[in-house]
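In: Below are the sequence and a predicted model for it; my questions follow.
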Amino acid sequence: MGTVPGTGRSPDNSPAAIVACRELGKSFDDQPVVRDVDLEIQAGTIVGLIGPSGCGKTTTVRLLTGLYEPTTGAAWVDGTPSTHLSHSQRARIGYLPQIPALFPELSLWENLSFHASMYGVRLRRKRRLGQLLDWVELTNDRDKRVREASGGMQRRLALAAAFVHDPALVFLDEPTAGIDPILRAKFWDQFQELRSAGRTLLITTQYVGEAAECDLVGVLSDGELVMLDTPANLLRAAYGGDVLDVELERPVSDLDVLRDVGGVVARPEAVGPTSWQVVVDDSSATCASVRDALERAGTGAIEVRDHPVDYDESFVRIIERHRAETASRHERDEHGEHGERVEVPA
């Protein structure tokens with residue numbers, strides 16, 4: 001159900017999304033970078049955007065924050081067009097860009113203090129800065145100049161700066177890039193605490209496994225939002241359901257014996273001489289039925305078990321499928337439905 005921008009309510013009178021966009025697009029030199037993105041983000045959620053390099057993640061964030069004027073469609077923050085946010089509205093938003101705005105000759109503490117002053121943070125500023133430096137594990141380096149800090153330290157400082165004014169809505173463009181796994185886990189713990197406190201976060205990431213930490217995950221491919229769903233449904237989307245691994249005693253040419261088993265949603269696929277994968281609606285409800293059908297048919301099933309789909313595997317399959325569908329669509333557009341080349345008048 002779509003929201004009605006500016007009304008604060010959706011058509012069914014449920015709370016409106018804090019961030020929304022409709023048919024959002026951006027082109028540079030007539031080259032589309034983002035195409036027809038529809039998105040809604042409810043308050044108090046973490047939404048992750050994942051996708052290959054150059055897929056449009058950063059451009060999408062810049063459109064949602066109002067840094068870019070859309071070529072098509074529109075984006076809203078709290079019902080206001082993102083390009084027309086007032087000063088007070090922007091003061092409630094935190095933003096971590098891919099290239100942080102830091103002053104190389106100032107110390108880490110001075111940089112963070114400068115960002116605090118831009119947002120008018122005065123009361124208890126020293127305590128606030130100390131808490132943030134501790135959070136990103138930079139307390140012992142507070143007096144180091146930025147030009148002397150490593151890239152990872154600068155990234156952590158920029159992350160602290162995005163939260164210096166305690167924003168209600170935060171856009172983070174690859175906040176964990178270049179951060180070691182232990183610190184990444186700590187950051188995600190903090191992100192989830194902020195979400196529990198009612199904050200809203202939109203986070204782009206190059207680490208696909210971080211999708212598990214989000215409430216919703218958006219997959220971008222070639223500027224298009226391929227899906228927006230829960231992490232669990234992201235895993236299911238790779239195959240169109242749950243996956244069972246079947247191991248047989250001997251090779252067989254097919255597993256047509258499973259054709260009439262309830263819950264099997266796709267033709268079994270051979271992945272080895274005696275190994276098959278079967279896509280089902282619900283593995284817990286169908287596993288026993290698959291095993292029984294194989295035993296009745298005398299196929300010599302050794303094992304039927306859940307296939308543990310991980311986020312990297314799911315991500316790759318979703319992107320590859322989208323690109324194949326896009327190529328097929330372009331082929332049809334170029335040659336017509338019946339395979340004849342369509343001549344475009346000059």
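Out: Cool, got the structure. Bear in mind that the values here come from a model prediction, so they are computed numbers and not experimental data.

In: Quick check: which ranges of the stretch 101-250 of the chain have low pLDDT?
Out: Residues of the stretch 101-250 of the chain that meet the criterion pLDDT under 70 lie in 123.

In: ranges for the helices of it?
Out: 108-118, 125-135, 151-162, 181-196, 231-237 (DSSP state H, counting those that start in this stretch).

In: Please identify the most buried of those.
Out: Sort the helices of the stretch 101-250 of the chain by mean neighbour count, taking mean count of other C-beta atoms under 10 Å, and helix 151-162 sits at the top with a mean of 21. For every residue, glycine as well, the C-beta is placed using N, CA and C.

In: tell me the angle that helix makes with helix 125-135.
Out: Relative orientation of helix 151-162 and helix 125-135, computed by axes from the mean of the first three to the mean of the last three C-alpha atoms, to 10 degrees: 140 degrees.

In: how near is the residue of the chain most remote from its centre to Arg250?
Out: Using C-alpha atoms, centre = their mean, the residue of the chain lying farthest from its centre is Gly298. It sits 44.8 Å away. Using C-beta to C-beta, to the nearest Å, Gly298 is found at 10 Å from Arg250.

In: intersection of neighbour lists for the two?
Out: Taking C-beta atoms under 8 Å, 6 or more residues apart in numbering as the contact rule, Gly298 and Arg250 have no neighbour in common.

In: Checking the residue farthest from the centre of the chain next. Helix, strand or coil?
Out: Using DSSP: H, G, I helix; E, B strand; the rest coil, the structure places Gly298 in coil.

In: Identify the residue nearest the geometric centre of the chain.
Out: Short answer for the chain (C-alpha atoms, centre = their mean): Leu49, at 2.2 Å.

In: which residues does that one form a beta bridge with?
Out: Beta-bridge pairing for Leu49 (DSSP bridges): Thr204, Gly218.

In: Outline the domain layout of this protein.
Out: Domain assignment for the chain, taken from automatic domain parsing, gives 19-235, 239-306.

In: was I right about Gln42 contacting Ala20?
Out: No: judged on C-beta atoms under 8 Å, Gln42 makes no contact with Ala20 at a distance of 9.8 Å.

In: if you count what's nearby, which of these two comes out ahead?
Out: Ala20 (25 against 17; other C-beta atoms under 10 Å).

In: Is that one located within a strand, as I assumed?
Out: Yes: remark: Ala20 belongs to a strand, assigned using three-state DSSP.

In: Now do it, the pLDDT please.
Out: We have a pLDDT of 96 for Ala20.

In: go on, Arg267?
Out: At Arg267, pLDDT is 90.

In: Where does it sit: helix, strand or coil?
Out: coil.

In: just checking, Gly94 touches Pro167?
Out: Yes: at 3.6 Å, Gly94 counts as touching Pro167 under the criterion of C-beta under 8 Å.

In: The nearest residue to Gln89 once chain neighbours are set aside pairs with what?
Out: If the residues on either side of it in the chain are set aside, Gln89 comes closest to Thr80, at 6.3 Å by C-beta to C-beta, 6 or more residues apart in numbering. Applying DSSP bridges to Thr80 gives these bridge partners: Val77.

In: Let me know how buried Thr80 is, in neighbour terms.
Out: Applying other C-beta under 10 Å, we find 15 residues neighbouring Thr80.

In: same thing with the one 4 residues further on?
Out: With neighbours defined by other C-beta under 10 Å, the count for His84 comes to 10.

In: Now for it: which residues touch it?
Out: Applying C-beta under 8 Å, 6+ apart, we find His84 in contact with Gly66.

In: one step back: please tell me how far the residue farthest from the centre of the chain sits from Leu248.
Out: Separation of Gly298 from Leu248 (C-beta to C-beta) stands at 11 Å.

In: got it, and Leu64?
Out: Using C-beta to C-beta, Leu64 is found at 50 Å from Leu248.

In: quick one: which of these two has more around it?
Out: Neighbour totals were compared for Leu64 and Leu248, and Leu64 leads with 27 against 19 (other C-beta under 10 Å).

In: Hmm, Ala20 and the more buried one touching each other?
Out: No: using C-beta under 8 Å, Leu64 makes no contact with Ala20, being 9.1 Å away.

In: anything in contact with each of these two?
Out: Common neighbours of Leu64 and Ala20 (criterion: C-beta under 8 Å, 6+ apart): 39, 75.

In: Relative to Lys57, how far out is Arg305?
Out: 36 Å.

In: quick one, which of the two is more surrounded?
Out: Set Arg305 next to Lys57 and count neighbours by other C-beta under 10 Å: Lys57 wins out with 23 against 12.
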